[in-house]
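**Q** Just a sequence and a predicted model for now, questions to come.
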2 protein chains.
Amino acid sequence: MARIVGMDVLDIRFPTSRDLDGSDAMNPDPDYSAAYVVLRTDDGPDGYGFAFTIGRGNDVQAAAIRALAGMVVGRSTPDTAAGLAALSRDLVGDSQLRWLGPEKGVAHMAVGAVVNAAWDLAARRAERPLWSFLATLAPEEIVGLVDFRYLTDALTEAEALDILRAAEPGREERSAHLRAAGYPAYSTSPGWLGYSDEKLVRLAKQVVADGFDMIKLKVGGSLADDVRRLRRAREAVGDGVRIAVDANQRWDVGPAIEWMRALAPYDPYWIEEPTSPDDVLGHRTIAEALAPIRVATGEHVQNRVVFKQLLQTGALSVLQLDAARVGGVNENVAILLLAAKFGVPVCPHAGGVGLCELVRHLSMFDYVAVSGSDEDRAIEWVDHLHEHFTDPAVVRGGRYLAPDQPGFSARIRDESLEWYAYPDGPQWSSR
Amino acid sequence: MARIVGMDVLDIRFPTSRDLDGSDAMNPDPDYSAAYVVLRTDDGPDGYGFAFTIGRGNDVQAAAIRALAGMVVGRSTPDTAAGLAALSRDLVGDSQLRWLGPEKGVAHMAVGAVVNAAWDLAARRAERPLWSFLATLAPEEIVGLVDFRYLTDALTEAEALDILRAAEPGREERSAHLRAAGYPAYSTSPGWLGYSDEKLVRLAKQVVADGFDMIKLKVGGSLADDVRRLRRAREAVGDGVRIAVDANQRWDVGPAIEWMRALAPYDPYWIEEPTSPDDVLGHRTIAEALAPIRVATGEHVQNRVVFKQLLQTGALSVLQLDAARVGGVNENVAILLLAAKFGVPVCPHAGGVGLCELVRHLSMFDYVAVSGSDEDRAIEWVDHLHEHFTDPAVVRGGRYLAPDQPGFSARIRDESLEWYAYPDGPQWSSR
């Protein structure tokens, strides 16, 4: 029986703060980073995964991943849905480590990194891209991936099974459509807070010319600046292109409502992260005050329990799952099922390091086997750091192409691992 | 100007899993542990603080504390309210570390450990026990400790000031009462899930004889066992003693309600942690279904934003703050003010390592300067591990005595630090 014989954990950091790529109202100077994990096997491909951070603390995240090694190394290589469910359950449920969360923050992201690496490994062994590997599982196997603890007042196992069975007939047709036409994307590249108006306008026009019908702007620094930037963006792209705005948790509930009312004349499509990601009731109050402007959140939503409540209150019009914030593929399957139950479209958070690479698999699985729809859905596209991945995300004409290489696309190129190793790689030791 | 010249971080673990002290439905075998921090100064006493964990992962918690050293070492010793507010703000607000939370889990508990150590240091320098040091601050200074971000839809600075000013006149009288009569306690010692019925009954009778008028039992393992244990406890202590029960997050919303209805004939005073600590709406549903049985939670509530919502929904009848879960004294002052605004009594979580030592200061400060009341309030008392502290909590006749040594009582004795150091101290290296 094949086994996991080792687990390597690397601290990889990209010095993105130099160019203000990724700058927003709460994160002025991120160095996009990965606490990167390699599951080594004795008989075939290895598995790759990571937690995403923005610089300082990536070493803490790496330490949290290392703390899981005892539950991973020596284990038979999980290559079935049941094996992957058991791994996820063991890691989430450790009775002592649980105290560090439960199921949130550094400890939970560590679980997510390892679980995602195990899925990468399983899909590689099956010689399928993850989205397709997941979408060939039986509804019963998919339901078996999910931890329903704390969910049953909103979603039962039987309801989840019904959702998956309803989507079963069209799976092949939708897979073929994905391979031919890809999946909708939107672009955040023009909208970073550190960019000049001129750069904003130039990039906004560029991405529309490239085929995107939706862009996103960061807001929340200064109201006068935001009004001007949104006006200029609207003038640049015209009325036919959706413009979402993203406050990155900058506001309290009252100020969020006031600020967005000042931006409303420029027809923002959604307001993303208007306040604390922990504030379910605050999101509901904001959503009620600002309708028909949609409220979106998710990149900092810690687990399925908080998503459940955001859906139960009707606070969310758009659910932004994140591949590397929660407990990995298993919990994201739960989140996709919750969204389908409540009829809310999923538009994943991406960007950072490798998030575009990962989330496309989850949205494509959702399209094929869960919601069965790509209506009102789009995956965030940020065009940086893709060159460091062996299976980079590709967007053409405003759409993500369907990945066809085996795995979860989480593998970083060996040269990049060497070059950006922190603190001893040449990019850091020479500064 | 006095400075912090060094920060030591130690991994200290007590092998409590041997005796099943601390066993409950979710934590069957905890080794109570402290990620312990010493702030060293160049001109006077040092400051002590810790994050509490239950074993595995204490090294991860220690790594997270170490990641804060750059913001602490070299800093002038904070000994005023303004200096302590600035330290808290800097640690919570670091733009890169923030991604690891924000304000939750390992990263936030690390901030709490350092902030608490700084308060210990400041109170030692002022030669006052922390509760008294805090209770001599002006209302404006106390309000200045609080980060009102994300709170203003429930509690404004002006409202907080009103609460504190209203409590100002009776401060001296209440301080004198504390010194003479102490503060109410309740006992969890009889109720661990790993204890036999005989031990439960014997200990329950003992603590009532010792002067307690409230005890707590762990529940959530098996319903038949819980019914029998609660019946035997009720027979042992009679109707005049309150019996709270604690499920440690064991249930989903529906099962919590069913299970508690089966226990209702034995008059449980509160149900603690019936479900996920993240599930605000779930707690509300449970509270509405089970009234007049109270719902209590807090030891795993990650920050003030979640407490805010638990209060806004009316889910909580009892708020159980924890000294070492949130961002330290500053955030606990915010939580005490929120509780006072909503008129909900605070009954802190204690036990573990050193939590009894710490929370008594917070409850006593609340009594003197915030709520001004000890009605319906009691601090948890668990009689273990106190011998390792230089200023241990003391309970007499069912009441916590007011501590009178300078500081926050967080210091562990040097011999204990040596003996229980993990993994190289004699308690671990010899096993």
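**A** Thanks, I have it.
**Q** which residues does residue A:197 contact?
**A** A:228-229, A:232 (C-beta atoms under 8 Å, 6 or more residues apart in numbering or on different chains). (C-beta placed from N, C-alpha, C; glycine too.)
**Q** what's the closest of those residues to residue B:149?
**A** residue A:229 (23.8 Å; C-beta to C-beta).
**Q** pLDDT score assigned to that closest one?
**A** Residue A:229 carries a pLDDT value of 97.
**Q** so it makes contact with residue A:201?
**A** No - here residue A:229 lies out of contact with residue A:201, judged by C-beta atoms under 8 Å, at a distance of 9.2 Å.
**Q** In terms of neighbours, single out the busier of these two.
**A** Between residue A:229 and residue A:201, counting by other C-beta atoms under 10 Å in any protein chain shown, residue A:229 is the more crowded of the two (27 against 18).
**Q** Does that one belong to a helix, a strand or coil?
**A** Secondary structure, DSSP: H, G, I helix; E, B strand; the rest coil: residue A:229 is helix.
**Q** what about the spatially closest residue to residue A:148 that is not a sequence neighbour, distance to residue A:334?
**A** Spatial nearest neighbour of residue A:148, excluding adjacent residues (C-beta to C-beta, 6 or more residues apart in numbering or on different chains): residue A:157 at 5.8 Å. From residue A:157 across to residue A:334, the span is 11 Å (C-beta to C-beta, to the nearest Å).
**Q** May I have the secondary structure class of residue A:39?
**A** With three-state DSSP as the basis, residue A:39 sits in strand.
**Q** what number of residues lie near it?
**A** Residues near residue A:39, counting by other C-beta under 10 Å, number 24.
**Q** Correct me if wrong: it contacts residue A:5.
**A** No - between residue A:39 and residue A:5 there is no contact, the gap being 9.1 Å when judged by C-beta under 8 Å.
**Q** Please tell me how far stretch A:16-28 is from the chain's geometric centre.
**A** Offset of stretch A:16-28 from its chain centre (C-alpha atoms, centre = their mean, to the nearest Å): 19 Å.
**Q** Could you tell me the average pLDDT over that stretch, please?
**A** Mean pLDDT, computed over stretch A:16-28, is 75.
**Q** what's the answer for stretch A:74-83, then?
**A** For stretch A:74-83, the mean per-residue pLDDT is 95.
**Q** Kindly check the end-to-end length of it for me.
**A** 14 Å (C-alpha to C-alpha, to the nearest Å).
**Q** Not counting sequence-adjacent ones, nearest residue to residue A:77?
**A** Per C-beta to C-beta, 6+ apart, closest to residue A:77 is residue A:2, 4.2 Å.
**Q** any idea how far residue B:61 is from the residue of the stretch 1-150 of chain A found nearest chain B?
**A** For the stretch 1-150 of chain A and chain B, the shortest gap (C-beta to the nearest C-beta) falls at residue A:105, measuring 2.2 Å. Taking C-beta to C-beta as the measure, residue A:105 falls 11 Å from residue B:61.
**Q** These two - which one has more neighbours?
**A** More crowded of residue A:105 and residue B:61, by other C-beta under 10 Å: residue B:61, with 33 against 27.
**Q** Now that one, what are its backbone angles?
**A** Note on residue B:61: backbone dihedrals following degrees, to the nearest 10 are phi -60, psi -40.
**Q** Check residue A:319 too.
**A** Here is the backbone geometry of residue A:319 (degrees, to the nearest 10): phi -100, psi 120.
**Q** Likewise for residue A:205?
**A** Backbone torsions for residue A:205, taken as degrees, to the nearest 10, come to phi -60, psi -40.
**Q** That one against residue A:237, yeah?
**A** Yes - here residue A:205 reaches residue A:237: they are 7.1 Å apart, a contact under C-beta under 8 Å.
**Q** In terms of neighbours, single out the busier of those two.
**A** Using other C-beta under 10 Å, the more surrounded residue of residue A:205 and residue A:237 is residue A:237, with 21 against 14.
**Q** Report the contact partners of residue A:67.
**A** A:97, A:110, B:56-57, B:59-60.
**Q** thinking again about what came up before, how about the contacts made by the nearest residue to the residue of the stretch 1-150 of chain A closest to chain B once chain neighbours are set aside?
**A** Leaving out its chain neighbours, the residue that sits closest to residue A:105 by C-beta to C-beta, 6+ apart is residue B:105, at 2.2 Å. Residues near residue B:105 by C-beta under 8 Å, 6+ apart: A:100-101, A:104-108, A:302, B:302.
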